[in-house]
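[1] got a sequence here, can you build the structure:
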Amino acid sequence: MIISLFSGQGSQYPGMGHDITEAFPQLCSLYDNASDILGKDLKSICFDASQDELTATVNAQPAVMITSLVCLEAAKLSGFSFDAVAGHSLGEYAALVASGMVSFEDGFRLIKARSEAMDSATRSSKGTMCAILRTSPEKVELFCKNAKSGYVAAVNYNSPVQTVIAGQPDAVKEVSENLRSDGAAVVELNVAGAFHSQLMQPAAELFYETAKNITFHKPQVRFFSNVLGAELSDFSDIPSLLAKHIVSPVRFTDEMLDMNAKGFDSFYEFGPGKVLTGLVRKNLKGKQFSAFNVENLDSLKEVFNK
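    Purely as a prediction, here's the structure:
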């Protein structure tokens with residue numbers, strides 16, 4: 001079975017999605033519709049903004065989301081169909097739209113509220129994030145627990161040897177340096193705050209005020225959840241789940257194992273970068289599967305032979 005995956009924040013880069021919209025001009029209306037909701041020119045942000053401008057949370061989140069959805073629509077025009085969806089962090093909002101759980105317009109109303117709330121939280125409580133490679137999640141958790149210079153926590157469980165930490169800058173620096181000395185590799189992430197940590201609690205509360213007024217539907221395909229680390233079956237209170245998502249770890253390793261156990265063996269990542277394609281390969285090493293990414297016209301042609 002086939003599952004569509006959607007990229008998270010940090011994968012953005014200038015010009016993303018440009019060549020696909022040139023090849024499929026009918027998709028330009030998606031940018032226009034999203035721009036009307038956001039109150040700013042999303043096409044210009046994606047195509048013309050600098051990397052620094054794209055890193056700002058209020059730009060990065062809608063920009064990555066529209067790029068992911070444009071890539072998916074181009075694939076659908078090339079004959080693609082799918083049985084389930086999942087996103088990594090921010091990518092879960094593209095998955096909401098792709099699954100039919102929310103309309104395109106409501107998806108961008110949600111991401112506008114989310115990005116603005118998270119941007120406000122990062123301004124009032126400075127934070128940062130780092131990916132820790134080549135060591136176990138359990139060791140990362142232990143080092144975070146023993147941090148002496150502030151709050152830091154494991155927030156993204158990406159693979160058995162890749163865990164992301166987030167928290168106050170001094171504490172993240174302390175844990176990163178200690179883990180590096182212990183033999184781990186450390187990569188600073190291109191984000192503006194300590195996402196999926198308790199520092200985002202004000203953002204979660206503010207975001208919920210918008211989410212509770214959005215109409216949600218039962219998805220048309222199966223939906224896997226970051227918070228659960230498994231397939232979602234209870235759709236009774238999605239606003240609360242999405243608010244919880246802002247302050248909860250992304251349990252992507254558990255999600256991948258649940259997908260695989262349920263027979264999903266073809267993974268297509270839509271959006272900028274190849275991060276999720278790489279995580280599929282790490283998490284399912286030794287198992288039978290195929291993984292592809294579609295982020296531009298070349299990769300679209302390569303995957304669908306168009």
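[2] show me the strands in the stretch 201-306 of the chain, by range?
    Counting by DSSP state E, counting those that start in this stretch, the segments of the stretch 201-306 of the chain that form strands are 222-225, 230-231, 266-270, 290-294.
[3] so what does the last one touch, helix or strand wise?
    With contacts defined as 3 or more C-beta pairs under 8 Å, 6 or more residues apart in numbering; DSSP states H and E, the packing partners of strand 290-294 are helix 57-77, strand 266-270, helix 275-283, helix 297-304. For every residue, glycine as well, the C-beta is placed using N, CA and C.
[4] so where is the protein shaky, pLDDT-wise?
    306 (pLDDT under 70).
[5] so what are the domain limits for it?
    Domains of the chain are assigned by automatic domain parsing as 2-124+197-304, 128-188.
[6] okay, these in JSON lines with mean neighbour count next?
    Below are the domains of the chain laid out as JSON lines (neighbours: other C-beta atoms under 10 Å):
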{"stretch": "domain 2-124+197-304", "mean neighbour count": "20"}
{"stretch": "domain 128-188", "mean neighbour count": "19"}
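[7] quick revisit: distance to residue 35 added to the helices and strands packed on strand 290-294, as a markdown table?
    Below are these laid out as a markdown table (distance: least, C-beta to C-beta, whole Å):
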| stretch | distance to residue 35 |
| --- | --- |
| helix 57-77 | 9 |
| strand 266-270 | 20 |
| helix 275-283 | 26 |
| helix 297-304 | 22 |
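[8] from residue 254, how far out is the nearest residue to residue 152 once chain neighbours are set aside?
    Spatial nearest neighbour of residue 152, excluding adjacent residues (C-beta to C-beta, 6 or more residues apart in numbering): residue 167 at 3.2 Å. Using C-beta to C-beta, to the nearest Å, residue 167 is found at 22 Å from residue 254.
[9] what distance do you get for residue 173 to residue 121?
    Separation of residue 173 from residue 121 (C-beta to C-beta): 20 Å.
[10] so which elements touch the strand or helix carrying residue 131?
    Per DSSP states H and E: residue 131 is located in strand 128-133. Where contact means 3+ C-beta pairs under 8 Å, 6+ apart, strand 128-133 is packed against strand 152-159, strand 162-167, helix 169-181, strand 185-188.
[11] ok, and what's touching the next helix or strand along the chain from it?
    Beyond strand 128-133 in the direction of the C-terminus, DSSP H and E gives the next helix or strand as helix 137-145. Residues outside helix 137-145 that contact it (C-beta atoms under 8 Å, 6 or more residues apart in numbering): 132, 152-154, 157, 160, 163, 165, 167, 175, 178-179, 182, 184, 253.
[12] got the strands of the stretch 201-306 of the chain as CSV, with distance to residue 19 columns?
    Formatted as CSV, the strands of the stretch 201-306 of the chain follow (distance: least, C-beta to C-beta, whole Å):
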stretch, distance to residue 19
strand 222-225, 30
strand 230-231, 34
strand 266-270, 15
strand 290-294, 12
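[13] OK, contacts around residue 284?
    256, 260.
[14] how far away is it from residue 121?
    34 Å.
[15] residue 19 too?
    Distance from residue 19 to residue 121, counting by C-beta to C-beta: 35 Å.
[16] same question for residue 273.
    The separation that residue 273 has from residue 121, given C-beta to C-beta, amounts to 25 Å.
[17] next one: residue 134
    Applying C-beta to C-beta to residue 134 and residue 121 gives a distance of 31 Å.
[18] and residue 146, by the same measure?
    26 Å.
[19] and what of residue 270?
    28 Å.
[20] please state the offset of stretch 149-167 from the chain centre?
    15 Å (C-alpha atoms, centre = their mean, to the nearest Å).
[21] end-to-end on it?
    End-to-end span of stretch 149-167 (C-alpha to C-alpha, to the nearest Å): 11 Å.
[22] over to stretch 198-218?
    With C-alpha to C-alpha, one end of stretch 198-218 sits 29 Å from the other.
[23] doesn't residue 191 belong to a helix?
    No: counting by DSSP: H, G, I helix; E, B strand; the rest coil, residue 191 falls outside a helix, being coil.
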